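1. 3D model of this:
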Amino acid sequence: MGVYLRILILATCSKAEFEGLSSFFPVLSIIGRKDHVFGQYHPSSGYIFGKAPNILEAMENDQFAYRQRNAPFYPFQDQAEFELGKFLCERLMQSDMEQFLKLEWVRRANLSFSSKDQLLAWVASLPTGPKWCSTTLEITRYPTVQLINLIWRNGLEVVQDLFANPIFANHMTYDPHVVVDGGEHKYSEYFTAQQAFEIQDQLPEGATIVPMIIASDKTPVTRHTGGLEMHPIFVTIGNIQSDLQMRATCHAWRCVTYMPIPKFVDIHPDYQTILSQWLFHKCMDIIFADAKVAAMVGKFMPDPASHVRHCFTPLVAYTADLPEQQAIACVLKVASPIMLREFQEEAKVHSLSGVHQPFWRNWPYTDPSRFLAGEILHTCHKFFFDHPFKWCKESVGKDKLDVHFRSHHKRVGTCHFSSGVCQMKQMTGREHWDLQHTLVPSITRVMPPQFVHAICALIDFIYKAQSPVYSDTSVDSMVASLKEFHDHKQAILDAGARRGTKGTLENFIIPKLELLQSFAAFTKDTGALIQWTADRTSRQSWTFTEQIVDILNCEESMRRFQLYLFLRMHNSPLANAIVMEEQEVTETDPALAWIARIAPNDPNQRCFVGLRPVQNHFLKGILSSTATAAFHVTVTSDRAKMSLNEVQQLYTLPDFGRALSDYIAKASDGQFTTVWSCDHGRLKTWNKFRLQLHSVFCSRMIMPSQVVQAAPPSENFPLGNCDAVITQSIHGDQTVYAANLVAQVQAVFQPIAPHHVTLPHYIADQPLLYVQYYEIIDNPANQPAISMYMVAQKYQEGLAGQRMRLGAVIPLTDVTHAVELIPVYGEGTNRTVSAVMSMEVYEHFYLNNFSDKEVYHSLRSELH
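-> Next comes the predicted model:
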């Protein structure tokens, strides 16, 4: 038996603590212990039964492999011709390819292919994965406007192809395992949840579960094709880590079919729907027939490391919108096309759709009540836009809500609704998420506290539902947030915010709201819900032409052949070596990570498209004293050789000199340096710096850096453009959050050393910040409706007795987080305040917990 899992870093808990989980995991083998974390694998899973080639090694047996030993790019002349052919096939329509190849300049290039037919024939000869094919279907007695053409490929072959893909070698899981942290079961990937153990216990010894995940997007992908419409169905496997599945460029999701959307001739509209559903289930039967057999008796398949495993393929999740889920479960209340009206009426009585042979009926270990799991994109984000956001628009008023959103301070990397939000009819999932970030503080003090509490609790629930890792406690916390909403939802009805086409509604009969009740059970049964989101499939882009089958085969052949050639040119094995987990992770694309390990300096890497690694500032940047944060400023500053007075005037900071003198006096313990002085020294300044942190959910994962702006007043920003941060003070061995921990960065600067002079470490080691502080005037405990800190600009008395903001100079490394402040608006609306001045004009702000998921969890853990 071999274990090819990424090794979990695990530790111990008491026997008594673990016994509470034994009812779900009766037979387990220990995999590791450390500190207070305890982990075990299922003892009879994931055996290895020999060797077989993975998908790249199988290309060595291709019909033209013997020619490619001497001419690697055969049937193309060389790499340049291959790249041209790949570009033409991927970017041009076939008619455009033909015209391009007829150009005189192209003819003089003496290409080895002279027509698009010859090029496509060559590409068709390349080794590829599961082949696309087309099947014509019909429903007896019900003709259609156009022929029903199912463009599809074998679902099991696609699963085998994913399972044997060496690109994913370092990101695969084969064994159910339980992780206990502090006596609590951790739920994350599918293999950590209860269902994986239940299925494994029913399989033969040594079997490997290959959990199938299907997703559909009802948006038609075919336009300008004579009225023909289809929508794609995608598939992936739960063995691949979910964070990779969520990146479209990783190609972890594969399209298995373009489901036809036929129009039937002379059919009552009620029958049109049920006939389409019948066709859907028939097509799914065709596509996944072999997968169902494999789920029943198993199939021996090679994994990325070329080890053969005895695999079973249950369907564990199908992500789709609610109407699609109802159609899949055959419970949608639509009419039957059967001529006997009695059948139609009887089906309606039982809330059935009339589909009597659903595709999942003979799929072992598959149950729609379990595989139709809670889904984040539609059930949370789109529900939020269709309902809670609409309630806020109705109650606050569209004009006032737009004014509030337009006045939010613009931060780099976050969406700003400069035209308002109330006129937008359609949004992407990302925009739904961006709305959730700032809605609660935007309506606070405008609506009654009970109303705000209900909306805040619902967004709390949505944020908690997106966590990649759960414990029993965090699942309970998610349930508690939903209960909070229900406890306060009457305020929404009292405000008249629930409205339909016929006026005000006095109920919350919303199917998606009801689905939220099942999230806790789904999390424990199948793992974190974020892994099932349909957002990744709705982002997929697919090209459709009249020759769709040829084009789809062509695209996959080219992509696979290119990777095969790259590995062969570097004499690299075609099996991706298992790499021990590094301390910190920055790679975002497994194919690019593999290529970079093989040939880190090869310029041909540019040919592979994917998300580039996150730049790791922990390697060469400025580190905090605890090495938990990294900072970066550009080598060349935005301004150099400025005097202190020039900085004061440019940034409009009258106490800048005093603050810098105070910092030097404190940092030097009163031992002033003579090599640099505020009177004669020179400074360089930057308009921004970058802050990089580790993920709250996975301490090894390095997050993309955040830009913190500190730009001086300018024509576009008359009062400057400065972001807010949280700072800390270090006292001995303890980190203490001071009373004025929230600050606005007004300037980033550093003294310049004169020639042949070494400056003291406290002004030479890192840039300094001039910040202006806020004081906390209220905390979440006093504001349960919003659960946010309220801060106010902190003032002091100037030398001339004037009122001025309290400022100070601190080291760059005192910053711990970049945060978002939202003004406290109140009932009145100041229409003169825009985004470029809101941070200066308003004096009271909310420290926004919802600015992003990382901030949401880190602020709650560190500031409470």
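
2. for the helix or strand hosting residue 513, packing partners?
-> Assigned by DSSP states H and E, residue 513 belongs to helix 511-515. Under the contact definition 3 or more CB pairs under 8 Å, 6 or more residues apart in numbering; DSSP states H and E, helix 511-515 sits against helix 322-329, helix 383-386. (Glycine included, C-beta is placed from N, CA and C.)

3. so which of those gets nearest residue 563?
-> helix 322-329 (34.1 Å; CB to CB).

4. about what we covered before: now the helices and strands packed on helix 511-515 as a markdown table including mean neighbour count and distance to residue 421?
-> A markdown table is the format used below for the helices and strands packed on helix 511-515 (neighbours: other CB atoms under 10 Å; distance: least, CB to CB, whole Å):
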| stretch | mean neighbour count | distance to residue 421 |
| --- | --- | --- |
| helix 322-329 | 20 | 24 |
| helix 383-386 | 19 | 10 |
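
5. next, the buried residues of stretch 398-416.
-> 400, 401, 402, 403, 404, 405, 406, 407, 408, 409, 410, 411 (16 or more other CB atoms under 10 Å).

6. make sure residue 567 is indeed in a helix.
-> Yes. Residue 567 sits within a helix when classified using DSSP: H, G, I helix; E, B strand; the rest coil.

7. surely it touches residue 597?
-> No. Checked against CB atoms under 8 Å, the pair residue 567 and residue 597 is beyond contact range at 11.3 Å.

8. which stretch among the helices and strands packed on helix 511-515 comes nearest residue 573?
-> helix 322-329 (42.0 Å).

9. higher neighbour count, residue 567 and residue 597?
-> residue 567 (21 against 13; other CB atoms under 10 Å).

10. what's the neighbour count on the residue lying closest to the more buried one once chain neighbours are set aside?
-> Take residue 567 and drop its neighbours on the chain: the residue closest to it by CB to CB, 6 or more residues apart in numbering is residue 574, 5.8 Å away. Residue 574 has 18 neighbours, counted by other CB under 10 Å.

11. repeat that for residue 217.
-> 21.

12. any idea how many residues pack against residue 571?
-> The number of residues near residue 571, taken as other CB under 10 Å, comes to 7.

13. for residue 139, same thing?
-> Residue 139: 16 neighbours (other CB under 10 Å).

14. phi and psi next, for the residue nearest to it when sequence neighbours are not counted.
-> Once flanking residues are discounted, residue 139 sits nearest to residue 275: 6.2 Å by CB to CB, 6+ apart. Taking degrees, to the nearest 10, you get phi -60, psi -40 for the backbone angles of residue 275.

15. OK, contacts around residue 275?
-> 139, 142, 262, 264, 267, 337 (CB atoms under 8 Å, 6 or more residues apart in numbering).

16. redo the helices and strands packed on helix 511-515 as TSV? Include mean pLDDT.
-> Listed next are the helices and strands packed on helix 511-515 as TSV, based on pLDDT from 0 to 100:
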stretch	mean pLDDT
helix 322-329	83
helix 383-386	90
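
17. now render these as a markdown table, adding distance to residue 726.
-> Listed next are these as a markdown table, based on distance: least, CB to CB, whole Å:
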| stretch | distance to residue 726 |
| --- | --- |
| helix 322-329 | 40 |
| helix 383-386 | 27 |
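
18. list the buried residues in the stretch of helix or strand residue 477 belongs to.
-> In the assignment (DSSP H and E), residue 477 maps to helix 472-488. Buried residues in helix 472-488, counted by 16+ other CB under 10 Å: 472, 474, 475, 477, 478, 479, 481, 482, 484, 485, 488.
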